[in-house]
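Asker: Sequence below, structure please.
(one chain, ligands or ions: 2)
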Amino acid sequence: MIEHTILITGGAGFIGSHLTRFFVKKYPQYKIINLDKLTYAGNLENLRDVENEANYVFVKGDICDVNLLNELFERNKFSAIIHCAAESHVDRSIADPLAFLQTNIIGTASLLLTAKKYWNMDYSDKVFYHISTDEVYGSLNDTGFFTEETRYDPRSPYSASKASSDHIVRAFYHTYNLPIKISNCSNNYGPFHFPEKLIPLCIHNILNNKPLPVYGKGENVRDWLFVEDHVRAIDTIFHKGKVGETYNIGGHNEWTNITLVKELCRQMDEKLGREKGESKKLITYVKDRAGHDLRYAIDATKLKNELGWVPSLQFEEGLSKTIDWYLSNELWLNDVTSGQYKNYYEEQYHKR
Ligand code: NAD
Ligand code: DAU
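Answerer: Residues are numbered from 1 along each chain as shown. Ligands and ions are numbered 1, 2, ... in the order given. Have a look, this model is predicted:
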């Protein structure tokens with residue numbers, strides 16, 4: 001018996017696929033509809049193990065396509081939307097900002113307008129949950145943390161587009177009473193992470209004896225959280241968080257990039273049976289990212305005190321699990337780096 005039909009956007013991406021798998025498996029009484037455009041970052045291979053589950057449906061499409069959104073809302077009585085779809089890579093946003101403004105701002109606004117139209121002021125048991133990032137708060141110096149009260153100060157086209165979407169989501173709450181929730185999370189890592197981001201890129205390059213590009217002096221700091229801990233936080237906020245509220249999610253786990261890359265090298269030398277210090281030789285300092293934010297660090301006290309969420313994994317353990325996953329899934333990694341994974345959709349959906 002289906003209790004809720006939930007639209008997850010961007011469910012074929014890194015975080016979205018972990019979230020979709022978690023919800024499909026944990027809540028057989030929920031029907032999960034995954035709407036994803038399958039950009040370069042979307043990969044249905046990430047969801048192979050749930051693709052035939054009775055409570056899961058995949059729809060290929062763009063969140064900016066209002067006709068498609070109308071059709072989906074006509075056909076389904078969605079009680080919730082968990083909005084993960086986005087252009088997510090900072091370096092790509094520096095090279096091509098418009099794609100980020102389109103998906104992250106116009107796409108979010110299109111979803112909000114469609115939800116408002118079809119929910120038609122009947123907001124009981126409804127929720128529009130927007131997944132956002134700590135990057136909206138800007139950059140910290142050596143001290144302090146981002147809290148939910150920190151002023152927005154986005155500095156890259158990516159973070160500016162996410163900040164803008166957060167503001168629009170809140171505007172729909174204040175103006176139309178649309179029942180929204182927002183969470184802003186720190187850097188995630190784990191299986192199925194696209195190898196353009198620092199951790200999977202380094203794992204891939206160490207494996208293939210390629211240079212490890214460290215931007216600037218490698219002194220920038222990120223606060224890393226295992227992706228499954230993020231998903232548990234989303235589950236908690238989705239079910240127990242207050243409508244209209246924002247929750248910060250983070251691991252209290254700060255690493256400079258260079259220390260992190262060295263730790264990856266150390267663990268991979270051990271796992272690959274290489275001589276101690278061998279992979280470290282691959283570290284190559286390269287030109288810094290334009291406008292590179294120095295430090296992110298999240299204060300997740302509100303989430304802990306109000307909803308009882310805490311991260312479950314220590315970083316060294318999470319990294320080890322992550323490396324092990326990439327080592328046993330070299331085919332996934334090779335398909336993604338060669339672009340081969342794009343054939344999967346054609347084979348799976350156009351053969352019928
Ligand atoms: P990702 O790039 O891995 O996945 C994004 C997904 O969205 C892909 O499957 C892609 O095909 C899909 N998509 C992109 N444009 C679309 C469109 N116009 N219509 C429909 N689908 C579209 O991203 P991710 O790292 O999984 O991030 C997911 C969300 O979490 C994003 O909103 C991001 O801002 C946020 N976030 C990410 C992190 C992180 O460390 N990765 C941390 C905090 C917040
Ligand atoms: O903080 C949350 C954000 O984390 C998310 O909102 C973004 O979607 C996600 O991509 C991530 O952004 P970052 O820019 O922090 O992640 P990235 O893995 O690209 O870079 C991590 C750090 O490593 C950053 O300081 C830049 C640096 N870096 C990155 C790459 C790809 C390098 O030194 N070399 C590299 O090749």
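Asker: Return the residues of the stretch 101-250 of the chain in contact with ligand 2.
Answerer: 133-135, 186-187, 197-198, 201, 213-215, 220, 222 (C-beta under 6 Å from any ligand atom). (C-beta placed from N, C-alpha, C; glycine too.)
Asker: Can you tell me which of those has the most neighbours?
Answerer: The most crowded member of those, judged by other C-beta atoms under 10 Å, is residue 134 (26 neighbours).
Asker: Sitting in strands, which of the residues of the stretch 101-250 of the chain next to ligand 2 do you find?
Answerer: 133, 187, 213, 214, 215, 222 (DSSP state E).
Asker: can you put those residues in a markdown table and add distance to residue 141 and pLDDT?
Answerer: Converted to a markdown table, those look like this (distance: C-beta to C-beta, whole Å; pLDDT from 0 to 100):
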| residue | distance to residue 141 | pLDDT |
| --- | --- | --- |
| 133 | 19 | 98 |
| 187 | 18 | 98 |
| 213 | 25 | 97 |
| 214 | 21 | 97 |
| 215 | 18 | 98 |
| 222 | 15 | 98 |
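Asker: If I look at residue 344, what pLDDT would I see?
Answerer: pLDDT recorded at residue 344 is 65.
Asker: got the contact list for the residue of the chain most remote from its centre?
Answerer: No residue in the chain sits farther from the centre than residue 275, which is 34.8 Å out by C-alpha atoms, centre = their mean. Residue 275 makes contacts with residue 269, as judged by C-beta atoms under 8 Å, 6 or more residues apart in numbering.
Asker: Next: the one 3 residues further on.
Answerer: Listed by C-beta under 8 Å, 6+ apart, the contact partners of residue 278 are residue 269.
Asker: Now the longest helix seen in the chain: average pLDDT?
Answerer: Secondary structure of the chain per DSSP state H: the longest helix is helix 157-176. Summarised as a single mean, pLDDT over helix 157-176 is 98.
Asker: I'd like the distance from that helix to the chain centre, please.
Answerer: Per C-alpha atoms, centre = their mean, to the nearest Å, the displacement of helix 157-176 from the mean C-alpha position of its chain is 17 Å.
Asker: How about residues contacting that helix?
Answerer: 86-90, 92-94, 97, 100-101, 103-105, 108-109, 112, 116, 128, 130, 132-133, 135-136, 138, 152, 154, 178-180, 182, 184, 243-244, 246, 293.
Asker: Distance check, the closest residue to ligand 1 within the chain against residue 189.
Answerer: The minimum distance from the chain to ligand 1, using C-beta to the nearest ligand atom, falls at residue 13 (2.0 Å). Here the distance between residue 13 and residue 189 works out to 14 Å (C-beta to C-beta, to the nearest Å).
Asker: so residue 86 sits right up against residue 103, yeah?
Answerer: Yes. Counting by C-beta atoms under 8 Å, residue 103 is a contact partner of residue 86 at 6.1 Å.
Asker: what about residue 305, how many neighbours?
Answerer: Residues near residue 305, counting by other C-beta under 10 Å: 9.
Asker: can you confirm it is in a helix?
Answerer: Yes. Under DSSP: H, G, I helix; E, B strand; the rest coil, residue 305 falls within a helix.
Asker: which residues are contacting stretch 87-97?
Answerer: 13-14, 39, 41, 99-100, 103-104, 135, 156-159, 161, 194, 196-197, 289-291.
Asker: So which bits of the stretch 1-150 of the chain are right by ligand 1?
Answerer: Counting by C-beta under 6 Å from any ligand atom, the stretch 1-150 of the chain sits next to ligand 1 at 9-10, 12-16, 36-39, 41-42, 62-64, 84-88, 103, 107, 131, 133.
Asker: Among those residues, which lie within strands?
Answerer: 9, 36, 131, 133.
Asker: From those, pick the one nearest ligand 2.
Answerer: residue 133 (3.1 Å).
Asker: Please name the spatially closest residue to that closest one (chain neighbours excluded).
Answerer: Spatially, and ignoring its direct neighbours in sequence, residue 133 is nearest to residue 162 (5.3 Å; C-beta to C-beta, 6 or more residues apart in numbering).
Asker: Please see if whichever strand or helix holds residue 100 touches ligand 2.
Answerer: Assigned by DSSP states H and E, residue 100 belongs to helix 97-100. No. Helix 97-100 is not in contact with ligand 2 by C-beta under 6 Å from any ligand atom; minimum separation 10.6 Å.
Asker: Let's see that helix as PDB, backbone CA atoms only.
Answerer: Extracted C-alpha coordinates of helix 97-100, given in PDB (Å, rounded to 0.1, in the frame of the first residue of the first chain):
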ATOM      1  CA  PRO A  97      28.200  29.900 -15.500                       C
ATOM      2  CA  LEU A  98      25.000  30.000 -17.600                       C
ATOM      3  CA  ALA A  99      24.300  26.300 -17.300                       C
ATOM      4  CA  PHE A 100      24.400  26.700 -13.500                       C
END
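Asker: Understood, closing this out.
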